[in-house]
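Novice: Sequence and computational prediction follow.
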Amino acid sequence: MDLSRWAPPQLDEEILAEQAPVIRAEILRRLEGLWTALGPWVDGREDQDGVISRPDARLVTAALTCLRQLQQLARLDQPRPSADKAPAVAGDVLAKVMAELGELEARTTQG
């Protein structure tokens with residue numbers, strides 16, 4: 001009996017690299033669906049008498065896991081470059097600016 005047809009497909013790095021955007025989009029779609037379903041239960045529900053029920057701890061845990069996965073998928077947990085840093089400057093532009101600053105300094109010291 002040949003069981004090879006039931007074996008999972010072999011995934012190599014090329015296939016994963018090609019399909020990564022599609023897989024990421026599908027995971028995002030599913031996580032958004034989970035959050036849509038869990039959101040009202042986590043925020044608290046109001047019944048007909050106006051009593052707001054406390055959320056179930058299991059649903060809160062599932063919602064937190066869902067949000068954590070969404071955060072990682074959107075790469076919000078990765079450090080961002082600081083806005084205070086100067087942009088990278090080409091070497092020739094930097095040399096020209098330094099030369100002009102040197103000329104300006106020489107003119108101001110002369111008189």
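Specialist: Ah, there it is.
Novice: Just give me the neighbour total for the closest residue to residue 77 other than its chain neighbours.
Specialist: Leaving aside its sequence neighbours, residue 77 sits nearest to residue 71 (C-beta to C-beta, 6 or more residues apart in numbering; 5.7 Å). (Each C-beta comes from the backbone N, C-alpha and C, glycine too.) Residues lying near residue 71 (other C-beta atoms under 10 Å) number 12.
Novice: Roughly how far does residue 71 sit from residue 46?
Specialist: Residue 71 sits 28 Å away from residue 46, taking C-beta to C-beta, to the nearest Å as the criterion.
Novice: Also residue 32?
Specialist: Using C-beta to C-beta, one obtains 24 Å as the distance from residue 32 to residue 46.
Novice: go on, residue 110?
Specialist: Summarising the geometry, the distance separating residue 110 from residue 46, computed by C-beta to C-beta, is 80 Å.
Novice: Equivalent analysis for residue 38, please.
Specialist: Here the criterion is C-beta to C-beta. By it, residue 38 lies 17 Å from residue 46.
Novice: ok, these two, which is more surrounded?
Specialist: residue 38 (19 against 10).
Novice: quick one: that one and residue 65 touch, right?
Specialist: No - at 9.7 Å, residue 38 and residue 65 do not qualify as touching, with contact defined as C-beta atoms under 8 Å.
Novice: sec struct for the most centrally placed residue in the chain, please.
Specialist: In the chain, the C-alpha closest to the average C-alpha coordinate belongs to residue 75, at a distance of 1.7 Å (C-alpha atoms, centre = their mean). Under the three-state scheme (DSSP: H, G, I helix; E, B strand; the rest coil), the conformation of residue 75 reads as coil.
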